[in-house]
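Chemist: No letters, just coordinates:
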DNA sequence: CACAATTATACAACCGGTTGCATAATTATT
DNA sequence: AATAATTATGCAACCGGTTGTATAATTGTG
């Protein structure tokens, strides 16, 4: 197995008649080491097949240059955009990212937090699981002064910044748009209302209805996990309604397109019979026919801003505690699935 | 910042008048420590807010219980299925996963390999980037006896097992299916032919044509990165062809649906004018209309098998070198986008 | 050439668990 | 009660970079 013994800076030092200190500094491009010596060190290191020992380094220096990220799942194009944005900023600042998934389970999320904690991440960015309750599982981080930042699905905590979009406004705009297209009986398909994103959109939905003089019907709010199967289930449920709704606002494009597909299979015309609007502006919304109206959610920017915020905090340039939340711009994109008026 | 000093096993030992050794063993549930002592240790540990120091542990024990994974991107549902499968198996065997993306760049991939290497992963699973050439960037791992396994996009190496599907057969079946539907002028949209997956599918495509007595036209093979934009570009290219092709086999569902969407916008009927078949069986293939014929690619199983194979090797139960490649079952799923015969 | 200023290298303690082996404490055996 | 067997705990070295401070080597100044 791991047969050959590892080469250490001591081996290099011995070979060159230098001290380990000098070798360590030479490899790190420390200004106090002469160019010649650095070259000698690097040459021998390459020759011997030296590899840097992150553990020894981290143990002594008590820094890891690692940022943890915990997300519910990495299956959406929104999430991969967020991660791409984070990775770009982190790399530029020479931080590494450790990514783990909670798979929407609060329990697994807590385990992940603990692992990150033990792995001494310098900071943590989290979008919480579907059923996470309270912030107690994060307290251990804050007690040790490890900065914690939430994005998208956030929790309220005085020491944490949140990066979000204006979900209330987005929900309002989406609903208002459907109303403007002549819809009067609008369904909102959303998630666990304990999550800020869904609660805020639901509020937006309710206020838009109210402002249009429409009475919000609690039965018109469907709560589920917003995946493909949920979309299919919702379609079945809608088909049994009498009268049928004339508009559907879904908090997730994937769920929306699956729902639409079943309804269309059953002869329902979109947008003529039922107008649809989704959320996220996933690529699928542009490919499906009719093209899906949606709310644009700037994932890449969200990732960039989250990582940037955390790193400036870590570098002591700007405390994370000074900001409560950062709200990104989101906008409505009207496409064919909702356009009933020419 | 990181204000409070960390609690160590020495602090616990002092508080209980025990040796650090006993505390270390107690926390690890070592059989030589009595139940009573273990309880005392764990209680005080919790009380003091002790956290395990992974670095000190790894440094001394020279094991990390960590497996690295490098993938091109985590934006496809195929990839997230693979990762989910890997994570399930790894967790059950109490291994951690470190995941990083090459973003399809061989250069970034090499950096990632090095980082994994320095982080002393116990093993590495890789699906190579679009433009990776040669295996030299992996040699350092193999020299140290760190097992390396490829999945999906593989490289040929005598010491590495590959987990794949039969891409040749899949390409053959897809093409044969189109031929059976009456297609005679079939386009194959594929990726870099240096990658096994694309080369094998192209071979399958060519042989299926040959076996049907059709001469393969090199101009009918489009090579690109198979993303959304590529799908759009291919559609533009197809629209300029004269005569139009009557069948298109795309190595990726995402690319396929984007291509189809543009063609349909331009009045082309699918499957009547052009029959389509994709690859991967992504969720989008079921939602799009017409539903997309495709090749089912068992991502979750691939992840499970890859992780399982690597872990049994790490546990010394079965060497990875004894197997060359493991081929998973894949099958054709015929849907509306290709069905021209009742 | 003497002395200061600057540059380059070394010393030694440290980070916090881990582990083989020795020793102490407890229980079982005759 | 004495001795063997078993169980529980401790000793001390070790893993491999890091860092404040001291010392040595080189260069500059008058």
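Modeler: Noted; the coordinates are in hand. All values derive from a computational prediction rather than experimental measurement.
Chemist: going forward, measure contacts and count neighbours with C-alpha atoms only.
Modeler: Fine.
Chemist: Three-state assignment for residue A:307, please.
Modeler: Under DSSP: H, G, I helix; E, B strand; the rest coil, residue A:307 falls in the helix class.
Chemist: how many other residues sit next to it?
Modeler: Number of residues near residue A:307 (other CA atoms under 10 Å in any protein chain shown) recorded here: 29.
Chemist: show me the contacts for it.
Modeler: Neighbour list for residue A:307: A:85-86, A:89-90, A:125 [criterion: CA atoms under 8 Å, 6 or more residues apart in numbering or on different chains].
Chemist: let's see 7 Å
Modeler: A:86, A:89-90 (CA atoms under 7 Å, 6 or more residues apart in numbering or on different chains).
Chemist: Residue A:329 now?
Modeler: residue A:165.
Chemist: Can you show me the strands along chain A?
Modeler: Along chain A, the stretches classed as strands by DSSP state E are A:66-71, A:96-101, A:123-126, A:148-151, A:161-165, A:186-190, A:221-223, A:247-250, A:275-277, A:294-296, A:325-328, A:331-333.
Chemist: Now flag whichever of the contacts of residue A:307 is closest to DNA strand D.
Modeler: residue A:90 (19.1 Å; CA to the nearest atom of the strand).
Chemist: thinking again about what came up before, now that we have the contacts of residue A:307, which one has the most neighbours?
Modeler: Going by other CA under 10 Å, residue A:86 tops the contacts of residue A:307 with 25 neighbours.
Chemist: and the closest residue to that one other than its chain neighbours, what is it in contact with?
Modeler: Leaving aside its sequence neighbours, residue A:86 sits nearest to residue A:303 (CA to CA, 6 or more residues apart in numbering or on different chains; 4.4 Å). Counting by CA under 7 Å, 6+ apart, residue A:303 makes contact with A:82-83, A:85-86.
Chemist: ok, those vs DNA strand C, which is closest?
Modeler: Taking CA to the nearest atom of the strand as the measure, DNA strand C lies nearest residue A:86 of the contacts of residue A:303, at 29.1 Å.
Chemist: ok now do that closest one, which residues does it touch?
Modeler: A:303-304, A:307.
Chemist: tell me, which of the strands of chain A is the model least confident about?
Modeler: Lowest mean pLDDT of the strands of chain A: strand A:96-101, a mean of 89.
Chemist: Tell me the strands beside that one, with direction?
Modeler: Applying DSSP bridges to the sheet, strand A:96-101 is found paired with strand A:66-71 (parallel).
Chemist: can you list the residues that contact the partner strand?
Modeler: By CA under 7 Å, 6+ apart, strand A:66-71 touches A:95-102, A:116, A:121-128.
Chemist: on that earlier part again, in CSV: the contacts of residue A:86, plus distance to residue A:330 and pLDDT.
Modeler: Formatted as CSV, the contacts of residue A:86 follow (distance: CA to CA, whole Å; pLDDT from 0 to 100):
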residue, distance to residue A:330, pLDDT
A:303, 14, 97
A:304, 15, 97
A:307, 19, 96
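Chemist: now, which of those lie close to DNA strand C?
Modeler: Residues of the contacts of residue A:86 in contact with DNA strand C (CA under 7 Å from any atom of the strand): none.
Chemist: which one of the residues you listed sits closest to DNA strand C?
Modeler: Closest to DNA strand C out of the contacts of residue A:86 is residue A:307 (26.7 Å), distances taken as CA to the nearest atom of the strand.
Chemist: Quick one: name the residues of chain A near DNA strand C.
Modeler: By the rule CA under 7 Å from any atom of the strand, the part of chain A lying against DNA strand C is A:17-22, A:31-35, A:37, A:56, A:59-60.
Chemist: Pick out the most distant pair among those.
Modeler: Using CA to CA, the residues of chain A next to DNA strand C span at most 28.2 Å, a distance reached by A:35 and A:59.
Chemist: what about the two, which has more around it?
Modeler: Neighbours were counted for residue A:35 and for residue A:59 using other CA under 10 Å; residue A:59 has more, 18 against 13.
Chemist: The more buried one against residue B:57, yeah?
Modeler: No: with contact defined as CA atoms under 7 Å, residue A:59 and residue B:57 do not form a contacting pair (9.5 Å).
Chemist: before we move on, back to that, can I get the contacts of residue A:303 in a markdown table including pLDDT?
Modeler: Output for the contacts of residue A:303, formatted as a markdown table (pLDDT from 0 to 100):
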| residue | pLDDT |
| --- | --- |
| A:82 | 95 |
| A:83 | 92 |
| A:85 | 94 |
| A:86 | 95 |
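Chemist: Please convert the buried members of those residues into PyMOL selection syntax.
Modeler: Buried residues among the contacts of residue A:303 (16 or more other CA atoms under 10 Å in any protein chain shown), as a PyMOL selection:
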select buried, chain A and resi 82+83+85+86
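Chemist: how about TSV for the contacts of residue A:303, with distance to residue B:73 added?
Modeler: Shown next, in TSV, are those (distance: CA to CA, whole Å):
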residue	distance to residue B:73
A:82	13
A:83	10
A:85	13
A:86	14
